[in-house]
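Asks: Predicted model follows, preceded by the sequence.
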Amino acid sequence: MENRDLVLGLAAGYHAPDLRPFAASLRQSGFAGRCLVFVTASTTGAGSLEQYGIEAVPFERPADQAHVPYNAWRYFLYRDLLRGNPDFGRVLLTDVRDVVFQSDPMAHAWPHGFCAMLEDPSATVGSCPHTSRWVRGHLGEAALADLAAFPLSCSGVSLAPAPLMLAYLERLCDRLLPFTPGPNMAGYDQGVHNLVLRRDPPGPVHFLGNDGPVLTLGSKPGDPGLSADGRVLNDAGVPAVMVHQYDRKPALFARIRKHYA
């Protein structure tokens, strides 16, 4: 029976330097579960993942769904995997190119339930120009008006026990299609993510901010602090378990890429 914890990601068109900070830092963290990264034929760095104990799983979108952005299509891959393998422990869904681990993600004392990550406290669904566009473009004006005041949850990192994660993915996938392409709609999954968690949650949801295990930098002003040994500090002044969207901070991006060169 498969009862280990699972990390799931997707890499479309990435090169080895794009994957190395994620892969090497996860390996160095002491994580002992399984990590699967779905990869496209254009992901030239896929072959580098094996040395870090990460399974690269090739995939192609069906021809009639080639218009669906990879950001959204990944959830169908994750859903189908968990449908066929329901006996994992906890499941961490995570972006790959802009994530680095500073400690074992499964060693953290996560609250029981679905753990969703909030962006900077200043960000709401309505104030974020990207998320508001995605909600309006895919779900409509009424949905945006309904969700606008909620603190913004980033869809790039989520964690839950496998049954709860599958229930979330079923709800998400039900709303991701049909999809009509439009300008700058590649991240529309984030709008659906916020709708599901606020209006049709799969169970108890815990919204964790930047003072918690995941530091999400996209809407955070300025640069994060660093500890004496060079680890990135969250808003509580302690090293974050995961640093997400580090590419939004040029100095931090250069530091991390140099460290894992």
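Replies: Thanks, I have the structure now. Quick caveat, the model's predicted, so the values are computed rather than measured. Residues are numbered from 1 along each chain as shown.

Asks: Now do the residue positioned nearest the centre of the chain against Asn71, distance only.
Replies: With the centre of the chain defined as its mean C-alpha position, the nearest residue by CA atoms, centre = their mean is Gly156, 2.3 Å away. Gly156 sits 9 Å away from Asn71, going by CB to CB, to the nearest Å. In short, each C-beta sits where N, CA and C put it, glycine included.

Asks: Count the neighbours of His206 for me.
Replies: 15 (other CB atoms under 10 Å).

Asks: Touching, it and Met117? I think so.
Replies: No - counting by CB atoms under 8 Å, Met117 is not a contact partner of His206; they are 9.9 Å apart.

Asks: mind checking pLDDT for Glu60?
Replies: On pLDDT, Glu60 comes in at 96.

Asks: Please tell me I have it right and it contacts Thr40.
Replies: Yes - if you go by CB under 8 Å, Glu60 and Thr40 touch, sitting 7.5 Å apart.

Asks: So those two - more neighbours on which side?
Replies: Comparing Glu60 with Thr40 by other CB under 10 Å, the one with more neighbours is Thr40, at 17 against 9.

Asks: Identify the residue spatially nearest to the more buried one, adjacent ones excluded.
Replies: Ala12 (4.6 Å; CB to CB, 6 or more residues apart in numbering).

Asks: for the residue lying farthest from the centre of the chain, what are its contacts?
Replies: Within the chain, Ala228 marks the point farthest from the mean C-alpha position, 27.8 Å out by CA atoms, centre = their mean. By CB atoms under 8 Å, 6 or more residues apart in numbering, Ala228 lies in contact with nothing.

Asks: Check Cys128 too.
Replies: Going by CB under 8 Å, 6+ apart, Cys128 touches 119, 152, 219.

Asks: Go again with 7 Å.
Replies: With contacts defined as CB atoms under 7 Å, 6 or more residues apart in numbering, Cys128 is in contact with 152, 219.

Asks: tell me the pLDDT at it?
Replies: 98.

Asks: Then Asn3?
Replies: Confidence for Asn3, expressed as pLDDT, is 77.
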